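**Q** have a look at this prediction, sequence included:
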Amino acid sequence: MDCIFCKIVSGEIPSSKIYEDEKVLAFLDINPANKGHCIVIPKEHYENIFDISDDALKEIIAAVKKTASAVNKAANCDGINILQNNNKAAGQLVSHIHFHIIPRFENDEVNFSYKPGKYLEGEINEMREKILVNITGN
Ligand SMILES: [Zn+2]
């Protein structure tokens, strides 16, 4: 499979690793939003949030917490964004699920802004109903 993150896991492509265990790898993004920007991935290839198993996700999110705590201290930042994009329209550039850990500073130039929208009368309930019928038990 021609996946850049699978190649990082295998070592075919080098990376600045900062955390690794049996299931998870974290490394510095070479094109950081701010210095200290890290990527956390499962070693196994899953495309996105829709196809990863709950167990694998739990392992990743625990590593995200561990990594974010270390980055927070190391970068001496004012905040941290944890970002996980699914599919191209949402900005997912590599089709191997990953979490971005982005250190933030007061008045930095990183921007994830959006213009808050509004629901017309009844729309929020319609949307709620559509989501409710798709919520699967856990
Ligand atoms: Zn992959």
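**A** Right, received. Where do you want to start?
**Q** for the rest of this, base every contact and every neighbour count on C-alpha atoms.
**A** Noted.
**Q** residue with max distance from the center of the protein?
**A** Distance from the C-alpha centroid of the chain peaks at Glu121, with 33.8 Å (Cα atoms, centre = their mean).
**Q** now that residue: how far from Leu132?
**A** Separation of Glu121 from Leu132 (Cα to Cα, to the nearest Å): 19 Å.
**Q** repeat for Val110
**A** Plainly put, Val110 is 34 Å away from Leu132 if you go by Cα to Cα.
**Q** Asn107 too?
**A** 39 Å.
**Q** got the contact list for the spatially most central residue of the chain?
**A** A centroid search over the chain (Cα atoms, centre = their mean) returns Phe99, at 1.9 Å, as the residue closest to the centre. When contacts are counted by Cα atoms under 8 Å, 6 or more residues apart in numbering, Phe99 touches Ile39, Val40, Ile41, Val64, Ile82, Leu83, Gln84, Asn85.
**Q** and for the first one, the neighbour number?
**A** Other residues near Ile39 come to 26 when the count uses other Cα atoms under 10 Å.
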